[in-house]
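[1] need a 3D model of the following:
(2 chains)
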Amino acid sequence: MAYDGKKVLVVDDSSVMRQIIKKNLKELGFADISDAEDGAAGLKKLGEGSFDLVVSDWNMPKMTGIEFLKAVRADAGMKGTNFIMVTSEADKAKIVEAVEAGVSQYIVKPFNANQLEEKIKAIFK
Amino acid sequence: MATIKIDEREMPNVITNCVSDSVASIFNTIFGAVPEYDGDDNSKNVGDGVVGVISFVGDASWILMLALPKDSAETLAEKFCGFAVDYDCPDMGDVIGELANVMAGDIVARMGVEGVKVAMSLPTVLRGQNVEPFMPKGLPDKKMHYSILGKDIMIKMAVARSDEMMGATPGA
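    Next up, the predicted model:
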């Protein structure tokens, strides 16, 4: 599946995790990848241009991933954006909360490139 | 809500068991090897190393420390990221914080299954010689030592406050 025309935003407060996720996305064929260090910065980037996919962490300072997701779904211009939550929050209640907030896919850390690819394939099938 | 009995001599079993199960599961998933348990010597330290600290609050208030000596940190960080991470680089803090964070998320889920509800903090990462937090006196703590891929790892758990201290005025 070709993803080279798709625009992705990676949001994580960890610079290393942003690098790892971007590396995985590049290996999957994504070429246009931006990043942001928390939900507030991510929201600003989404407001500046449309993205096909957001890959976001949950636990972040300033604006958490779930707050970011809710803000995206509440905005008329952004609400259709595909949103993958990548998080260490394996607690069932958290997953339910994300699903209710409108997450497209959910990945529990630790994850590998194959798991990320499966979630992306499910979105762009 | 589950009641956690705090015995000042020992960490509650539910915490110790969830942490050791999480160490085995998370490190195996990330590094492709099950860590070997090297005992619980409370006097053994890591020397020069990096420490990721996460606090838990809820039915039990306690902290988790993941401590890696310098050479363990360098080796495991490269394996985790797929690229080398310099020990003195801020990215090293990100890696250890992320490892502690992933473990903590797994521990929260495991404790939830046991009926103990806790929420976790963001990780704090420290670097130095034998870095350990000062904890309140009279509350239990425990170290667990492991090795993986020939490198040492230390886990420390410490109860942060007892039921009697819940809601008490600081300094009282």
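
[2] measure residue A:51 to residue B:51 for me?
    Relative to residue B:51, residue A:51 is positioned 36 Å away (Cβ to Cβ, to the nearest Å). For the C-beta atoms, the positions are set from N, CA and C on the backbone; glycine is no exception.

[3] tell me where the model's unsure across the chain.
    With no chain named, the answer covers chain A. Within chain A, the stretches with pLDDT under 70 are A:1.

[4] look at chain B instead
    For chain B, the ranges with pLDDT under 70 are B:1-8, B:162-172.

[5] before we move on, the earlier item: the more surrounded of residue A:51 and residue B:51?
    More neighbours surround residue B:51 than the other of residue A:51 and residue B:51, with 24 against 21 (other Cβ atoms under 10 Å in any protein chain shown).

[6] what is the more buried one paired to in the beta sheet?
    Beta-bridge partners for residue B:51, by DSSP bridges, are residue B:67, residue B:126.

[7] I figured it hits residue B:64, correct?
    No - judged on Cβ atoms under 8 Å, residue B:51 makes no contact with residue B:64 at a distance of 10.5 Å.

[8] for residue 42, give me its contacts.
    Since you didn't name a chain, this refers to chain A. Shown in contact with residue A:42 (Cβ atoms under 8 Å, 6 or more residues apart in numbering or on different chains): A:9, A:11, A:36, A:54, A:56, A:63, A:68.

[9] that's the wrong chain, I meant chain B
    When contacts are counted by Cβ under 8 Å, 6+ apart, residue B:42 touches B:141, B:142, B:143.

[10] quick check: residue B:95 is in a helix.
    Yes - judged by DSSP: H, G, I helix; E, B strand; the rest coil, residue B:95 forms part of a helix.

[11] the residue nearest to it when sequence neighbours are not counted sits in which helix or strand?
    Once flanking residues are discounted, residue B:95 sits nearest to residue B:77: 4.3 Å by Cβ to Cβ, 6 or more residues apart in numbering or on different chains. Residue B:77 is part of helix B:70-81 when elements are defined by DSSP states H and E.

[12] quick one: contacts of that helix?
    Helix B:70-81 is contacted from outside by A:16, A:19-20, B:30-31, B:47-50, B:68, B:84-85, B:87, B:91-92, B:95-96, B:98-99, B:148-149, B:151-153, using Cβ under 8 Å, 6+ apart.

[13] which members of the residues you listed occur in strands, if any?
    B:48, B:49, B:50, B:68, B:148, B:151, B:152, B:153 (DSSP state E).

[14] ok, the closest residue to the last one other than its chain neighbours to chain A distance?
    Nearest non-adjacent residue to residue B:153, counting by Cβ to Cβ, 6+ apart: residue B:146, 4.6 Å away. Separation of residue B:146 from chain A (Cβ to the nearest Cβ, to the nearest Å) stands at 17 Å.

[15] let me know how buried residue B:146 is, in neighbour terms.
    Close neighbours of residue B:146, defined as other Cβ under 10 Å, add up to 19.

[16] residues in contact with it?
    Contacts here follow Cβ under 8 Å, 6+ apart; on that basis residue B:146 touches B:23, B:27, B:35, B:36, B:37, B:38, B:152, B:153, B:154, B:155.

[17] what's the angle from the helix or strand where the second one lies to helix B:70-81?
    Secondary structure assignment for residue B:27, by DSSP H and E: helix B:13-31. If you take axes from the mean of the first three to the mean of the last three Cα atoms, to 10 degrees, helix B:13-31 sits at 70 degrees to helix B:70-81.
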